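# Dropping a prediction and its sequence here:
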Amino acid sequence: MEKDSNLQTEKISFFESKKGIIFAGAVVGIISLILVALGNPKNMGFCIACFERDTAGALGFHRAEIVQYIRPEIIGIILGAFGAALISKDFQPKGGSSPATRFFLGIAVMIGALMFLGCPLRMILRIGGGDLNAIVGLAGFIAGIGVGIIFLNKGFSLKRNYKTSSFDGYTMPITAIVLLILLVTTPAFIFFSKEGPGSQHAPIVISLICGIIVGILAQKTRLCMAGGIRDKIMFKQNYLLLGFLTIIVVTAIGNLAFGNFKLGFAEQPVSHTDGLWNFLGMLLVGWGSVLLGGCPLRQLILSGEGNSDSTVTVLGMIIGAAIAHNFSLASSGKGSTANGQIAVIICIIFLAVLSVANSDLIRKNN
(Lines give C-alpha, C1' and ligand atoms only; values in the text may rest on other atoms or scores of the structure.)
Protein backbone atom coordinates (compact mmCIF):
# COMPACT_ATOMS: atom_id res chain seq x y z
CA MET A 1 0.00 0.00 0.00
CA GLU A 2 2.82 2.35 0.93
CA LYS A 3 4.57 1.50 -2.35
CA ASP A 4 1.45 2.40 -4.37
CA SER A 5 1.19 5.67 -2.48
CA ASN A 6 4.80 6.51 -3.26
CA LEU A 7 4.28 5.73 -6.95
CA GLN A 8 1.26 8.00 -7.03
CA THR A 9 3.27 10.78 -5.39
CA GLU A 10 6.00 10.37 -8.01
CA LYS A 11 3.50 10.62 -10.85
CA ILE A 12 1.96 13.78 -9.44
CA SER A 13 5.32 15.35 -8.58
CA PHE A 14 6.57 14.91 -12.15
CA PHE A 15 3.96 17.32 -13.51
CA GLU A 16 4.66 19.69 -10.64
CA SER A 17 8.41 19.55 -11.20
CA LYS A 18 10.62 21.59 -13.51
CA LYS A 19 11.14 18.48 -15.64
CA GLY A 20 7.37 18.11 -15.99
CA ILE A 21 6.72 21.69 -17.09
CA ILE A 22 9.68 21.58 -19.51
CA PHE A 23 8.32 18.33 -20.96
CA ALA A 24 4.87 19.91 -21.36
CA GLY A 25 6.36 23.00 -23.04
CA ALA A 26 8.36 20.84 -25.44
CA VAL A 27 5.28 18.82 -26.40
CA VAL A 28 3.19 21.97 -26.94
CA GLY A 29 5.95 23.44 -29.10
CA ILE A 30 6.25 20.27 -31.21
CA ILE A 31 2.47 20.04 -31.60
CA SER A 32 2.34 23.68 -32.73
CA LEU A 33 4.96 22.97 -35.40
CA ILE A 34 3.06 19.88 -36.56
CA LEU A 35 -0.24 21.76 -36.85
CA VAL A 36 1.40 24.50 -38.93
CA ALA A 37 3.04 21.89 -41.16
CA LEU A 38 -0.37 20.24 -41.68
CA GLY A 39 -2.26 23.41 -42.56
CA ASN A 40 -2.68 25.88 -39.69
CA PRO A 41 -1.53 29.46 -40.43
CA LYS A 42 2.17 30.11 -39.79
CA ASN A 43 3.07 30.99 -36.20
CA MET A 44 -0.46 29.89 -35.27
CA GLY A 45 -0.13 26.27 -34.30
CA PHE A 46 -2.09 27.31 -31.24
CA CYS A 47 -3.82 30.61 -30.50
CA ILE A 48 -6.69 30.60 -28.04
CA ALA A 49 -7.89 34.08 -29.02
CA CYS A 50 -7.68 33.42 -32.76
CA PHE A 51 -9.35 30.02 -32.49
CA GLU A 52 -12.19 31.39 -30.35
CA ARG A 53 -12.61 34.21 -32.88
CA ASP A 54 -12.81 31.68 -35.74
CA THR A 55 -15.34 29.61 -33.81
CA ALA A 56 -17.45 32.70 -33.09
CA GLY A 57 -17.46 33.44 -36.83
CA ALA A 58 -18.46 29.88 -37.72
CA LEU A 59 -21.45 30.20 -35.39
CA GLY A 60 -22.49 33.41 -37.12
CA PHE A 61 -21.66 35.77 -34.25
CA HIS A 62 -19.60 37.82 -36.69
CA ARG A 63 -19.50 37.84 -40.50
CA ALA A 64 -15.81 38.34 -41.24
CA GLU A 65 -15.66 35.66 -43.91
CA ILE A 66 -11.91 35.02 -43.71
CA VAL A 67 -11.99 33.98 -40.02
CA GLN A 68 -14.81 31.44 -39.71
CA TYR A 69 -14.09 27.85 -38.65
CA ILE A 70 -14.93 25.72 -35.62
CA ARG A 71 -11.43 25.00 -34.36
CA PRO A 72 -11.03 21.39 -33.13
CA GLU A 73 -8.10 22.45 -30.98
CA ILE A 74 -10.43 24.44 -28.69
CA ILE A 75 -12.76 21.45 -28.40
CA GLY A 76 -9.82 19.17 -27.65
CA ILE A 77 -8.37 21.45 -24.97
CA ILE A 78 -11.67 21.53 -23.09
CA LEU A 79 -12.27 17.78 -23.36
CA GLY A 80 -8.64 16.98 -22.52
CA ALA A 81 -8.76 19.14 -19.40
CA PHE A 82 -12.15 17.67 -18.46
CA GLY A 83 -10.93 14.09 -18.78
CA ALA A 84 -7.70 14.76 -16.90
CA ALA A 85 -9.60 16.54 -14.13
CA LEU A 86 -12.06 13.66 -13.77
CA ILE A 87 -9.29 11.07 -13.53
CA SER A 88 -7.26 13.06 -11.01
CA LYS A 89 -10.38 14.12 -9.08
CA ASP A 90 -9.72 17.79 -9.83
CA PHE A 91 -13.16 18.20 -11.39
CA GLN A 92 -14.97 20.48 -8.97
CA PRO A 93 -18.05 22.44 -10.11
CA LYS A 94 -17.81 25.89 -8.56
CA GLY A 95 -18.59 29.49 -9.40
CA GLY A 96 -20.15 32.72 -8.17
CA SER A 97 -16.99 34.86 -8.11
CA SER A 98 -18.23 38.07 -9.77
CA PRO A 99 -19.43 36.33 -12.97
CA ALA A 100 -20.71 39.52 -14.65
CA THR A 101 -17.39 41.27 -14.04
CA ARG A 102 -15.51 38.27 -15.42
CA PHE A 103 -17.70 38.29 -18.53
CA PHE A 104 -16.73 41.88 -19.33
CA LEU A 105 -13.09 41.20 -18.45
CA GLY A 106 -13.22 38.39 -21.01
CA ILE A 107 -14.47 40.86 -23.61
CA ALA A 108 -11.68 43.31 -22.73
CA VAL A 109 -8.97 40.65 -22.92
CA MET A 110 -10.19 39.52 -26.34
CA ILE A 111 -10.23 43.09 -27.67
CA GLY A 112 -6.62 43.49 -26.53
CA ALA A 113 -5.62 40.15 -28.06
CA LEU A 114 -7.19 41.00 -31.42
CA MET A 115 -5.46 44.37 -31.39
CA PHE A 116 -2.17 42.46 -31.12
CA LEU A 117 -3.44 39.55 -33.26
CA GLY A 118 -2.84 36.74 -30.82
CA CYS A 119 -3.11 35.45 -27.26
CA PRO A 120 -0.08 35.02 -24.96
CA LEU A 121 0.48 31.52 -26.36
CA ARG A 122 0.58 32.76 -29.95
CA MET A 123 2.78 35.63 -28.82
CA ILE A 124 5.55 33.22 -27.82
CA LEU A 125 4.97 31.11 -30.94
CA ARG A 126 5.48 34.28 -32.97
CA ILE A 127 8.71 34.94 -31.05
CA GLY A 128 9.78 31.38 -31.88
CA GLY A 129 9.17 32.21 -35.54
CA GLY A 130 11.36 35.32 -35.43
CA ASP A 131 8.54 37.91 -35.30
CA LEU A 132 10.01 40.89 -33.44
CA ASN A 133 6.59 42.53 -33.18
CA ALA A 134 5.83 39.84 -30.61
CA ILE A 135 8.76 41.06 -28.51
CA VAL A 136 7.04 44.43 -28.35
CA GLY A 137 3.84 42.61 -27.40
CA LEU A 138 5.71 40.70 -24.69
CA ALA A 139 6.95 43.98 -23.21
CA GLY A 140 3.37 45.21 -23.06
CA PHE A 141 2.20 41.92 -21.59
CA ILE A 142 4.79 42.09 -18.81
CA ALA A 143 3.88 45.74 -18.14
CA GLY A 144 0.20 44.82 -17.89
CA ILE A 145 0.97 41.99 -15.47
CA GLY A 146 3.06 44.42 -13.44
CA VAL A 147 0.11 46.82 -13.16
CA GLY A 148 -2.15 43.94 -12.18
CA ILE A 149 0.30 42.86 -9.47
CA ILE A 150 0.26 46.37 -7.99
CA PHE A 151 -3.48 45.99 -7.44
CA LEU A 152 -3.14 42.43 -6.17
CA ASN A 153 -0.78 43.82 -3.54
CA LYS A 154 -3.43 46.43 -2.75
CA GLY A 155 -5.94 43.69 -1.99
CA PHE A 156 -7.67 43.31 -5.36
CA SER A 157 -10.18 40.46 -5.31
CA LEU A 158 -13.24 39.30 -7.22
CA LYS A 159 -14.26 37.41 -4.05
CA ARG A 160 -14.29 33.68 -3.49
CA ASN A 161 -16.30 31.13 -5.45
CA TYR A 162 -18.58 28.41 -4.12
CA LYS A 163 -19.55 24.84 -4.94
CA THR A 164 -22.31 24.72 -7.53
CA SER A 165 -24.46 22.03 -9.10
CA SER A 166 -22.79 19.32 -11.16
CA PHE A 167 -24.62 20.55 -14.25
CA ASP A 168 -22.82 23.91 -14.03
CA GLY A 169 -19.51 22.07 -14.15
CA TYR A 170 -20.49 20.03 -17.20
CA THR A 171 -21.63 23.06 -19.21
CA MET A 172 -18.39 23.64 -21.10
CA PRO A 173 -17.58 19.98 -21.83
CA ILE A 174 -21.13 19.53 -23.17
CA THR A 175 -20.71 22.67 -25.28
CA ALA A 176 -17.46 21.27 -26.67
CA ILE A 177 -19.22 18.06 -27.71
CA VAL A 178 -21.98 20.06 -29.41
CA LEU A 179 -19.35 22.07 -31.29
CA LEU A 180 -17.67 18.85 -32.39
CA ILE A 181 -20.99 17.56 -33.76
CA LEU A 182 -21.51 20.82 -35.64
CA LEU A 183 -17.97 20.68 -37.02
CA VAL A 184 -18.40 17.14 -38.32
CA THR A 185 -21.95 17.48 -39.66
CA THR A 186 -21.47 21.03 -41.07
CA PRO A 187 -25.16 22.09 -41.11
CA ALA A 188 -26.20 24.97 -43.36
CA PHE A 189 -26.24 27.52 -40.54
CA ILE A 190 -22.52 27.04 -39.82
CA PHE A 191 -20.08 29.26 -41.75
CA PHE A 192 -16.65 28.09 -42.89
CA SER A 193 -14.07 30.35 -44.55
CA LYS A 194 -13.14 29.64 -48.16
CA GLU A 195 -10.03 31.85 -47.98
CA GLY A 196 -7.86 33.57 -45.41
CA PRO A 197 -6.71 32.26 -41.99
CA GLY A 198 -10.04 30.56 -41.32
CA SER A 199 -9.60 28.34 -44.35
CA GLN A 200 -6.14 27.23 -43.23
CA HIS A 201 -6.32 24.31 -40.85
CA ALA A 202 -4.89 20.88 -40.14
CA PRO A 203 -7.12 17.79 -40.52
CA ILE A 204 -9.92 17.65 -37.95
CA VAL A 205 -8.87 14.41 -36.25
CA ILE A 206 -5.24 15.48 -35.84
CA SER A 207 -6.24 18.94 -34.57
CA LEU A 208 -8.65 17.37 -32.08
CA ILE A 209 -6.05 14.91 -30.79
CA CYS A 210 -3.45 17.67 -30.48
CA GLY A 211 -5.94 19.80 -28.56
CA ILE A 212 -6.69 16.93 -26.18
CA ILE A 213 -2.99 16.40 -25.49
CA VAL A 214 -2.46 20.11 -24.79
CA GLY A 215 -5.56 20.16 -22.58
CA ILE A 216 -4.26 17.25 -20.51
CA LEU A 217 -0.76 18.70 -20.15
CA ALA A 218 -2.03 22.20 -19.34
CA GLN A 219 -4.41 20.78 -16.73
CA LYS A 220 -1.69 18.74 -15.09
CA THR A 221 0.97 21.47 -15.08
CA ARG A 222 -1.28 24.57 -14.67
CA LEU A 223 0.40 26.02 -17.77
CA CYS A 224 -0.29 29.77 -17.86
CA MET A 225 1.85 32.54 -19.33
CA ALA A 226 0.35 35.28 -17.17
CA GLY A 227 0.74 33.08 -14.10
CA GLY A 228 4.35 32.36 -15.00
CA ILE A 229 5.36 36.01 -15.18
CA ARG A 230 3.22 36.87 -12.12
CA ASP A 231 4.86 34.12 -10.05
CA LYS A 232 8.32 35.21 -11.19
CA ILE A 233 7.72 38.83 -10.15
CA MET A 234 5.83 38.15 -6.91
CA PHE A 235 7.41 34.95 -5.61
CA LYS A 236 10.64 34.54 -7.62
CA GLN A 237 9.32 31.19 -8.88
CA ASN A 238 10.34 29.96 -12.35
CA TYR A 239 8.15 26.86 -12.62
CA LEU A 240 5.41 28.07 -15.00
CA LEU A 241 7.77 30.36 -16.89
CA LEU A 242 10.01 27.43 -17.82
CA GLY A 243 7.21 25.88 -19.86
CA PHE A 244 6.86 28.90 -22.10
CA LEU A 245 10.60 29.41 -22.47
CA THR A 246 10.76 25.80 -23.64
CA ILE A 247 8.01 26.44 -26.20
CA ILE A 248 10.02 29.35 -27.63
CA VAL A 249 13.21 27.28 -27.88
CA VAL A 250 11.47 24.26 -29.44
CA THR A 251 9.51 26.30 -32.00
CA ALA A 252 12.57 28.38 -32.90
CA ILE A 253 14.59 25.22 -33.57
CA GLY A 254 11.72 23.69 -35.52
CA ASN A 255 11.12 26.81 -37.60
CA LEU A 256 14.83 27.04 -38.41
CA ALA A 257 14.85 23.37 -39.43
CA PHE A 258 11.79 23.74 -41.69
CA GLY A 259 12.84 27.10 -43.14
CA ASN A 260 9.97 28.99 -41.49
CA PHE A 261 12.08 31.20 -39.20
CA LYS A 262 12.07 34.81 -40.34
CA LEU A 263 13.69 37.37 -38.05
CA GLY A 264 12.31 40.88 -38.34
CA PHE A 265 9.26 43.13 -38.06
CA ALA A 266 7.99 43.30 -41.64
CA GLU A 267 5.89 40.78 -43.55
CA GLN A 268 5.31 38.43 -40.64
CA PRO A 269 2.29 36.08 -40.98
CA VAL A 270 -0.99 37.42 -39.53
CA SER A 271 0.83 40.29 -37.85
CA HIS A 272 1.25 44.06 -38.05
CA THR A 273 4.12 46.43 -37.24
CA ASP A 274 2.23 49.09 -35.25
CA GLY A 275 4.42 48.92 -32.14
CA LEU A 276 2.41 51.19 -29.84
CA TRP A 277 -0.79 49.23 -30.31
CA ASN A 278 0.95 45.87 -30.15
CA PHE A 279 2.27 47.02 -26.78
CA LEU A 280 -1.04 48.42 -25.50
CA GLY A 281 -3.06 45.46 -26.79
CA MET A 282 -0.94 43.00 -24.85
CA LEU A 283 -0.78 45.32 -21.83
CA LEU A 284 -4.56 45.00 -21.75
CA VAL A 285 -4.32 41.20 -22.06
CA GLY A 286 -1.71 40.93 -19.29
CA TRP A 287 -3.55 43.20 -16.88
CA GLY A 288 -6.90 41.52 -17.52
CA SER A 289 -5.40 38.03 -17.18
CA VAL A 290 -3.95 38.86 -13.75
CA LEU A 291 -7.32 40.15 -12.55
CA LEU A 292 -9.00 37.00 -13.88
CA GLY A 293 -6.40 34.72 -12.32
CA GLY A 294 -5.18 33.23 -15.60
CA CYS A 295 -4.54 33.77 -19.31
CA PRO A 296 -7.01 32.68 -22.05
CA LEU A 297 -5.51 29.16 -22.14
CA ARG A 298 -5.83 28.83 -18.36
CA GLN A 299 -9.47 29.99 -18.53
CA LEU A 300 -10.26 27.22 -21.02
CA ILE A 301 -8.58 24.64 -18.78
CA LEU A 302 -10.47 25.82 -15.70
CA SER A 303 -13.76 25.71 -17.61
CA GLY A 304 -13.02 22.06 -18.37
CA GLU A 305 -12.40 21.48 -14.65
CA GLY A 306 -15.93 22.63 -13.85
CA ASN A 307 -15.24 26.28 -12.99
CA SER A 308 -18.32 28.16 -14.23
CA ASP A 309 -16.62 31.53 -13.59
CA SER A 310 -14.05 30.59 -16.23
CA THR A 311 -16.85 29.36 -18.48
CA VAL A 312 -18.41 32.82 -18.25
CA THR A 313 -15.00 34.35 -19.01
CA VAL A 314 -14.57 32.16 -22.12
CA LEU A 315 -18.06 33.17 -23.29
CA GLY A 316 -17.05 36.79 -22.73
CA MET A 317 -13.99 36.29 -24.94
CA ILE A 318 -16.11 34.72 -27.68
CA ILE A 319 -18.55 37.64 -27.54
CA GLY A 320 -15.56 39.99 -27.46
CA ALA A 321 -14.33 38.45 -30.70
CA ALA A 322 -17.73 39.02 -32.28
CA ILE A 323 -17.78 42.63 -31.09
CA ALA A 324 -14.24 43.20 -32.37
CA HIS A 325 -15.10 42.08 -35.90
CA ASN A 326 -18.63 43.48 -36.08
CA PHE A 327 -17.40 46.95 -35.08
CA SER A 328 -14.02 46.94 -36.88
CA LEU A 329 -11.95 46.80 -33.70
CA ALA A 330 -9.69 43.92 -34.73
CA SER A 331 -6.36 44.62 -36.38
CA SER A 332 -5.22 43.13 -39.67
CA GLY A 333 -1.91 42.76 -41.45
CA LYS A 334 -2.30 46.41 -42.47
CA GLY A 335 -2.32 47.57 -38.86
CA SER A 336 -4.73 48.65 -36.14
CA THR A 337 -7.99 50.50 -36.76
CA ALA A 338 -9.12 53.78 -35.22
CA ASN A 339 -12.11 51.98 -33.71
CA GLY A 340 -9.80 49.38 -32.21
CA GLN A 341 -7.53 52.00 -30.71
CA ILE A 342 -10.48 53.74 -29.05
CA ALA A 343 -11.78 50.39 -27.77
CA VAL A 344 -8.41 49.46 -26.22
CA ILE A 345 -8.23 52.81 -24.40
CA ILE A 346 -11.79 52.37 -23.12
CA CYS A 347 -10.95 48.84 -21.92
CA ILE A 348 -7.81 50.06 -20.14
CA ILE A 349 -9.90 52.71 -18.35
CA PHE A 350 -12.43 49.98 -17.46
CA LEU A 351 -9.67 47.83 -15.96
CA ALA A 352 -8.31 50.81 -14.00
CA VAL A 353 -11.73 51.60 -12.51
CA LEU A 354 -12.37 47.92 -11.79
CA SER A 355 -8.96 47.46 -10.17
CA VAL A 356 -9.42 50.44 -7.87
CA ALA A 357 -13.03 49.58 -7.02
CA ASN A 358 -12.14 46.03 -5.98
CA SER A 359 -9.00 46.85 -4.01
CA ASP A 360 -8.26 48.24 -0.58
CA LEU A 361 -7.76 51.67 -2.11
CA ILE A 362 -11.46 52.39 -1.54
CA ARG A 363 -12.80 49.41 0.40
CA LYS A 364 -11.71 47.18 3.23
CA ASN A 365 -11.59 43.39 3.03
CA ASN A 366 -14.58 41.76 4.68
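That came through, no problem. Here the structure is a predicted model, which means the values were calculated and not measured.
# Of all the residues in stretch 159-178, which ones are buried?
Across stretch 159-178, burial judged by 16 or more other C-beta atoms under 10 Å covers 161, 164, 168-173, 175-176. The way it works is simple: take the backbone N, C-alpha and C, and place the C-beta from them, glycine included.
# Among those, which are located in helices?
Among the buried residues of stretch 159-178, the members found in helices (DSSP state H) are 168-173, 175-176.
# For those, please prepare JSON lines with the additional fields distance to Ser303 and pLDDT.
Shown next, in JSON lines, are these (distance: C-beta to C-beta, whole Å; pLDDT from 0 to 100):
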{"residue": "Asp168", "distance to Ser303": "11", "pLDDT": "90"}
{"residue": "Gly169", "distance to Ser303": "9", "pLDDT": "94"}
{"residue": "Tyr170", "distance to Ser303": "11", "pLDDT": "96"}
{"residue": "Thr171", "distance to Ser303": "8", "pLDDT": "95"}
{"residue": "Met172", "distance to Ser303": "4", "pLDDT": "97"}
{"residue": "Pro173", "distance to Ser303": "8", "pLDDT": "97"}
{"residue": "Thr175", "distance to Ser303": "9", "pLDDT": "97"}
{"residue": "Ala176", "distance to Ser303": "9", "pLDDT": "98"}
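# Going by distance to Pro296, which of those residues wins?
Nearest to Pro296, judged by C-beta to C-beta, of these is Met172 at 13.8 Å.
# Which residue comes closest to that closest one once chain neighbours are left out?
Spatial nearest neighbour of Met172, chain neighbours left out: Ser303 (4.1 Å); criterion: C-beta to C-beta, 6 or more residues apart in numbering.
# what's the answer for Phe14, then?
In space, Phe14 is closest to Gly20, 4.6 Å off (C-beta to C-beta, 6+ apart).
# can you give me the helices in the stretch 151-300 of the chain?
For the stretch 151-300 of the chain, applying DSSP state H, counting those that start in this stretch gives helices covering 166-185, 204-221, 225-235, 239-258, 275-292, 296-304.
# likewise the stretch 1-150 of the chain?
Here the stretch 1-150 of the chain has its helices, by DSSP H, counting those that start in this stretch, at 2-16, 18-37, 48-58, 72-87, 99-116, 120-128, 133-153.
# among those, which is nearest Ser289?
Per C-beta to C-beta, nearest to Ser289 of those: helix 99-116, 6.4 Å.
# tell me which residues in that closest one are buried?
Neighbour-count burial for helix 99-116 flags 99, 101-116 (criterion: 16+ other C-beta under 10 Å).
# helices or strands next to that helix in the packing?
helix 48-58, helix 275-292, helix 296-304, helix 308-326, helix 338-357 (3 or more C-beta pairs under 8 Å, 6 or more residues apart in numbering; DSSP states H and E).
# pretty sure Leu35 is touching Glu73, no?
Yes - counting by C-beta atoms under 8 Å, Leu35 touches Glu73, with 7.4 Å between them.
# Between these two, which contacts overlap?
Here Leu35 and Glu73 share the contacting residues 46, 207, 210, scored by C-beta atoms under 8 Å, 6 or more residues apart in numbering.
# Can you tell me which of those is closest to Arg230?
Nearest to Arg230 out of the shared contacts of Leu35 and Glu73 is Phe46 (C-beta to C-beta; 20.9 Å).
# contacting residues for that closest one?
28, 31-32, 35, 73, 121-122, 125, 214.
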